[in-house]
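A.B. asks: Provide a 3D model corresponding to the input given below.
(one chain, ligands or ions: 1)
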Amino acid sequence: MKTTRRAVLLAGTAAGTTLAMPWIAKAAPEFQFKYANNSPLTHPLTVRTMEAMERIKKETNGRVEIQVFPNNQLGSDTDMLSQLRSGAIEFFTLSGLILSTLVPVASINGLGFIWESYDKVWPAMDGALGAHIRAQIAKAGLVAMEKQYDNGYREMTSSTKPIKTPDDLKGFKIRVPVSPLWTSMFKAFDASPMSINFSEVYSALQTKVAEGQENPLSIIYFAKLYEVQKYLSETNHMWDGFWMLANGKMWNGLPKDVQEVIAKNLNQSAVDQRADIAKQNDTFKADLTSKGMEFHKVDPKPFRDKLQSAGFYKEWKGKYGNEAWAILEKFTGPIA
Ligand code: X2X
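C.D. replies: Residues are numbered from 1 along each chain as shown. Take a look at the predicted model:
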């Protein structure tokens, strides 16, 4: 009885002391945030953002702690975008093409067959085109870090037949991400596109709700889509990247020095992540072939011609407007 009461008193004293003298308690982070994404733990996007969060914690002496929630743990891209806007999460990486549901111009880099190589992509996205898109993102109450993370050049896959020509896409049940540009492009190919968030893609392919999908090699590899897809056509039909987004209200309330450390490290990890993807792209083909996928070389010209004759470029030039189109063509050359 006596011992117990004494223990309780002591415990009470200890707790009271800690509260009264916070400097002897372990300092809790001043800023505790959440970052979420749609990519597997092993994907370079997750690996490199985790590294960034570690460096941020260290360089701020523990003032800032950003917890990472990869692989759609917090929901689909559509869910996470609402969470970011409401402030339920503070950071989120999202494809510009999906972000276009909120910021229309953010899908412009995803137009089919406009990027000859990464040598054209990065100067555009790190330069005037990226700056133009980020300015529009800011108007929507979000902040995009300067350096985009790479998703990659997208390739078409299928469980039923290889896609070799645009004719093979006629009536083809293909999953596309939730974005008007994607739907429009695959409708122009006379396919039957269905908008499905990435969180549901594996099961949609496994149950054959969709016959095919399109994604960069890195996603096909790390999300194990080779388990549910047989044929891979090297279409390189579009290029897609992830914007590192922050909730604008939260970001603007941060002290300048904290903003600087966070931005510097998120941008640094983007550069590291681009290099990872570039390096891995050399081996993905062999890796995916060894997992049972059958690769097909594809001539992109008939695909591009089909988009052209369907009025695809004209339609989207009208939607983006002359200003954005002119900035884009400065980097890609004349499109249509
Ligand atoms: O949803 C997809 O296909 C993915 C993973 O590539 C994107 O984030 C756009």
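A.B. asks: Touching, Met125 and Ile108? I think so.
C.D. replies: No. At 10.6 Å, Met125 and Ile108 do not qualify as touching, with contact defined as Cβ atoms under 8 Å. Quick note: C-beta positions are derived from backbone N, CA and C, even for glycine.
A.B. asks: So if I had to pick from the two, which one is more boxed in?
C.D. replies: Between Met125 and Ile108, counted using other Cβ atoms under 10 Å, the more crowded position is Ile108 (26 against 23).
A.B. asks: Check the spacing between that one and Asp119 real quick.
C.D. replies: As judged by Cβ to Cβ, to the nearest Å, Ile108 and Asp119 stand 19 Å apart.
A.B. asks: Likewise for Ala210?
C.D. replies: Counting by Cβ to Cβ, the gap from Ala210 to Asp119 is 33 Å.
A.B. asks: So between the two, which is more surrounded?
C.D. replies: Using other Cβ under 10 Å, the more surrounded residue of Ala210 and Asp119 is Ala210, with 25 against 8.
A.B. asks: and that one, what are its phi and psi?
C.D. replies: Main-chain dihedrals, Ala210, degrees, to the nearest 10: phi -120, psi 140.
A.B. asks: quick one, phi psi at the residue nearest to it when sequence neighbours are not counted?
C.D. replies: Excluding the flanking residues, the one nearest Ala210 by Cβ to Cβ, 6 or more residues apart in numbering is Arg175, at 4.0 Å. Dihedral pair for Arg175: phi -70, psi 130, per degrees, to the nearest 10.
A.B. asks: any idea how far Arg175 lies from the ligand?
C.D. replies: 8 Å (Cβ to the nearest ligand atom, to the nearest Å).
A.B. asks: what's the answer for Leu45, then?
C.D. replies: From Leu45 across to the ligand, the span is 9 Å (Cβ to the nearest ligand atom).
A.B. asks: For the closest residue to that residue other than its chain neighbours, which residues are in contact?
C.D. replies: Of all residues not flanking Leu45 in the chain, Ser39 sits nearest, at 4.5 Å (Cβ to Cβ, 6+ apart). Applying Cβ atoms under 8 Å, 6 or more residues apart in numbering, we find Ser39 in contact with Leu45, Thr46, Pro70, Asn71, Thr93, Ile219, Phe222, Ala223.
A.B. asks: can you rerun that using 7 Å?
C.D. replies: Contacts of Ser39 were listed using Cβ atoms under 7 Å, 6 or more residues apart in numbering, and they are Leu45, Thr46, Pro70, Asn71.
A.B. asks: how many other residues sit next to the last one?
C.D. replies: What it means is Asn71. Asn71, neighbours per other Cβ under 10 Å, totals 19.
A.B. asks: secondary structure class for it?
C.D. replies: Per DSSP: H, G, I helix; E, B strand; the rest coil, the secondary structure class of Asn71 is coil.
A.B. asks: show me what contacts the residue of the stretch 1-150 of the chain at minimum distance from the ligand?
C.D. replies: Closest to the ligand within the stretch 1-150 of the chain is Ser95: 3.5 Å, counting by Cβ to the nearest ligand atom. The contact partners of Ser95, by Cβ under 7 Å, 6+ apart, come to Asn151, Pro177, Asp240, Phe242.
A.B. asks: Those residues in strands, which ones?
C.D. replies: By the criterion of DSSP state E, membership of these in strands covers Asn151, Asp240, Phe242.
A.B. asks: Ala135: which of these is nearest?
C.D. replies: Phe242 (18.4 Å; Cβ to Cβ).
A.B. asks: Would you check that the closest one makes contact with Leu97?
C.D. replies: No. At 10.2 Å, Phe242 and Leu97 do not qualify as touching, with contact defined as Cβ atoms under 7 Å.
A.B. asks: returning to that earlier point: next one: phi and psi at the residue nearest to Leu45?
C.D. replies: phi -110, psi 150.
A.B. asks: so what's Phe31 bridging to?
C.D. replies: Phe31 has these beta-bridge partners by DSSP bridges: Val64.
A.B. asks: So for the residue of the stretch 151-300 of the chain found nearest the ligand, what's the nearest residue that isn't a sequence neighbour?
C.D. replies: At 3.4 Å from the ligand, Phe198 is the closest residue in the stretch 151-300 of the chain, using Cβ to the nearest ligand atom. The shortest distance from Phe198 to any non-neighbouring residue, by Cβ to Cβ, 6+ apart, is to Asn38 (4.7 Å).
A.B. asks: hang on, the earlier thing: filter the ones in strands among the contacts of Ser95 down to the ones close to the ligand.
C.D. replies: Asn151, Asp240 (Cβ under 6 Å from any ligand atom).
A.B. asks: so which of the ones in strands among the contacts of Ser95 comes closest to Glu30?
C.D. replies: For the ones in strands among the contacts of Ser95, the minimum distance to Glu30 (Cβ to Cβ) is 27.5 Å, reached by Phe242.
A.B. asks: still on that earlier bit, which SS class is the residue nearest to Phe198?
C.D. replies: Counting by three-state DSSP, the backbone at Asn38 sits in coil.
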